[in-house]
Each structure stands twice: as structure tokens, then as C-alpha cells.
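Trainee: Just the structure for this:
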Amino acid sequence: MREFDDGGPRSDGPAVVWAGLEHGPALVVVDPTGAARHNDLPATWHAVRDHFQIAWCRVPASTRSLEDIEDVLETLAERRAPVTMVAAGNACAPAMAIATQFSDLVDLVLLVDPVGDEPETSVPTRVVARSEGGDRDRVEPPLPLGHPDVVWAVTEALAEQLSEGR
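Mentor: I've put the predicted structure just below:
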């Protein structure tokens with residue numbers, strides 16, 4: 001698993017990057033690797049921002065990342081926007097715990113390469129992408145949230161959620 005020190009290259013930039021729609025459904029992305037450091041989403045997410053408001057929470061960029069995520073959800077609660085959370089790697093368990101705190105707002109948590117046991121939560125969760133690592137994978141787990149396979153899996157899960165009427 002990739003980890004970045006406090007002074008690492010991904011700790012520069014904003015703690016939260018907002019993009020996309022001002023109203024409508026929201027995605028809260030909890031990124032343990034700190035992509036979007038130049039105040040823009042990874043290019044693979046640009047089409048997604050046409051349909052959602054996205055709050056990209058960059059864990060390495062903040063010493064108070066959990067509070068930043070809570071602040072984002074409180075902002076979205078004021079708008080009464082439905083929220084789906086997306087998290088990867090070691091950010092999955094904290095994202096699920098925060099989703100449980102905001103279960104009246106968060107409809108679904110999508111996980112990419114979750115680490116360890118998934119905690120109990122009242123919010124539906126779904127693993128949408130997994131990288132086994134080793135010789136077959138070019139990228140060691142967790143897959144970066146900007147990886148095209150991750151974006152495809154997230155958009156497929158969101159489409160399924162819409163078709164189910166959530």
C-alpha cells in the first residue's frame with residue numbers, strides 16, 4: 001500500500017477540491033493518496049463532474065482529514081443533497097464510520113481495495129474495484145481513485161443505484 005509522509009509531494013494543495021454541479025446528487029471522494037493536488041479532479045473524473053457535485057477529500061493534505069470530511073457532509077446536509085461516498089485503501093474504514101454518523105444523508109459507500117475488515121455500518125456498502133497486486137497488476141493496491149478502471153466501476157455502480165431508484 002502506498003503511504004505518503006506529512007511532508008510528501010501529495011500533501012501540497014487544498015484539503016478538499018470541489019467540482020461539478022452546485023445542486024443535485026453529490027459524491028464525497030475520500031482519497032488516501034492525495035490526487036487532485038492542483039485544485040482540479042483527475043482528468044478521468046471530468047465527465048463525472050457533469051452529473052454530480054464532487055468533494056474530493058485529499059487525506060494527505062490535511063492534519064484534520066476526518067473533520068474535513070465531516071465539514072463537507074455538513075455542508076451537503078444543508079443542501080439536502082443525496083450523497084454517495086467513495087473511498088480507497090486505508091481510507092475505507094474511516095469513510096464507513098463517518099457515513100454511519102451521516103446515515104440520514106449518505107445513501108451508499110463505494111469501496112476500492114478496502115484494507116482489513118469492513119466495519120459494521122447501517123449504510124449500504126459495495127466493493128467496486130479490487131487490485132490483487134503482484135505480477136498481473138501494473139499498480140499495487142490500492143488502485144488510485146483516478147485510475148480509469150475505478151472511474152468506470154464507480155459510474156457503473158452509480159448507474160445501478162439510479163436504476164434501483166435510490
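Trainee: how many other residues sit next to His46?
Mentor: Other residues near His46 number 13, with proximity taken as other CB atoms under 10 Å. Bear in mind the C-beta positions are built from the backbone N, C-alpha and C, glycine included.
Trainee: Thr100 touches Val109, doesn't it?
Mentor: No. The criterion here is CB atoms under 8 Å, and Thr100 misses it with Val109 at 9.2 Å.
Trainee: Compare neighbour counts for those two and give me the winner.
Mentor: Each of Thr100 and Val109 has its neighbours counted (other CB under 10 Å); Val109 has more, 26 against 15.
Trainee: Could you look up the SS state of that one?
Mentor: Using DSSP: H, G, I helix; E, B strand; the rest coil, the structure places Val109 in strand.
Trainee: give the contact list for it.
Mentor: By CB atoms under 8 Å, 6 or more residues apart in numbering, Val109 lies in contact with Thr84, Met85, Val86, Ala87, Ala95, Met96, Ala99, Thr121, Val123, Pro124, Thr125, Arg126.
Trainee: among these, which one has the lowest pLDDT?
Mentor: Least confident entry in the contacts of Val109, by pLDDT: Thr121, with 82.
Trainee: tell me the contacts of it?
Mentor: For Thr121, the contacting residues are Met96, Ala97, Ala99, Thr100, Ser103, Val109, by CB under 8 Å, 6+ apart.
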